[in-house]
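Undergrad: Fold the following for me, if possible:
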Amino acid sequence: MARDYVRRSKPKSTSKGKSSSRPARGGSRGRAPQRRVPWLAIILVLMLASALGYLLSIIKGAADHRRPEPPPAVTHTQAPTPVNPIDQKPVEKWRYIEQLENKEVVVNVPEAEKSTQPYLMQCGSFRTAAQAEQLKARIAFQGLEAQVRRSTGSNGVWYRVILGPYDSKRLAETHKHKLLRANVNHCAIWFWEG
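TA: Numbering: from 1, shown residues only. Just a heads-up that it's a prediction; the model follows:
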């Protein structure tokens with residue numbers, strides 16, 4: 001059944017004389033309830049405004065009744081101005097700066113004594129000459145010069161890879177650390193006995 005929502009009218013009652021207890025659909029169009037004026041809030045706002053105005057008038061009145069102080073008399077005599085120690089540049093009372101600029105210090109450094117015995121460094125000892133030559137080539141790639149020396153002992157023939165002779169132990173240690181970084185291990189430093 002189609003309904004007309006634009007024009008709402010009261011539905012027709014089917015029975016005569018009987019009223020339905022239900023109100024008609026669409027609600028009743030009566031008067032809206034009257035809004036009350038918030039008198040209590042208005043009274044409180046007015047009281048606060050008047051208290052604030054009264055407080056301001058008291059403050060203003062107290063400021064008006066205060067006597068202005070006469071300005072200080074200006075004198076043309078120059079009084080010494082107080083000196084602030086922070087504003088002044090400090091005066092040096094030390095003389096050591098001037099003395100040190102003109103003083104010459106002589107330092108005697110003894111020269112390092114050269115050892116009478118030079119150092120040798122052995123990096124390997126092998127049964128075959130081919131192994132010794134191979135280690136000599138690895139050392140040569142590090143920029144150092146090695147020698148292969150053949151020695152005969154109680155347990156046979158050995159081929160030793162030797163660097164040096166070095167005049168100082170410090171240079172020998174420097175080359176040893178260079179070889180350690182290149183994975184050439186087991187190098188030992190000793191005095192060469194000739």
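Undergrad: Please pull out the lowest mean pLDDT helix or strand from this structure.
TA: Lowest mean confidence among the helices and strands of the chain (mean pLDDT, DSSP states H and E): helix 96-102, at a mean of 78.
Undergrad: Okay, now the sheet partners of the very next helix or strand once past that helix, with direction.
TA: Moving toward the C-terminus from helix 96-102, the next helix or strand (DSSP states H and E) is strand 119-126. The strands beside strand 119-126 in its sheet (DSSP bridges) come out as strand 156-166 (antiparallel), strand 188-191 (antiparallel).
Undergrad: and among these, the most buried is which?
TA: strand 156-166 (a mean of 17; mean count of other Cβ atoms under 10 Å). Every C-beta, even on glycine, is put in place using the N, C-alpha and C of the backbone.
Undergrad: Please compute how far the host helix or strand of residue 44 lies from its chain's middle.
TA: Secondary structure from DSSP H and E places residue 44 in helix 39-65. Centroid displacement of helix 39-65 relative to its chain, using Cα atoms, centre = their mean, to the nearest Å, is 56 Å.
Undergrad: Spatially central residue in this protein, please.
TA: residue 86 (34.0 Å; Cα atoms, centre = their mean).
Undergrad: circling back to that earlier point, can you lay out the strands paired with strand 119-126 as a markdown table showing mean pLDDT and distance to residue 111?
TA: Compiled in a markdown table, the strands paired with strand 119-126 are given as follows (pLDDT from 0 to 100; distance: least, Cβ to Cβ, whole Å):
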| stretch | mean pLDDT | distance to residue 111 |
| --- | --- | --- |
| strand 156-166 | 93 | 18 |
| strand 188-191 | 82 | 21 |
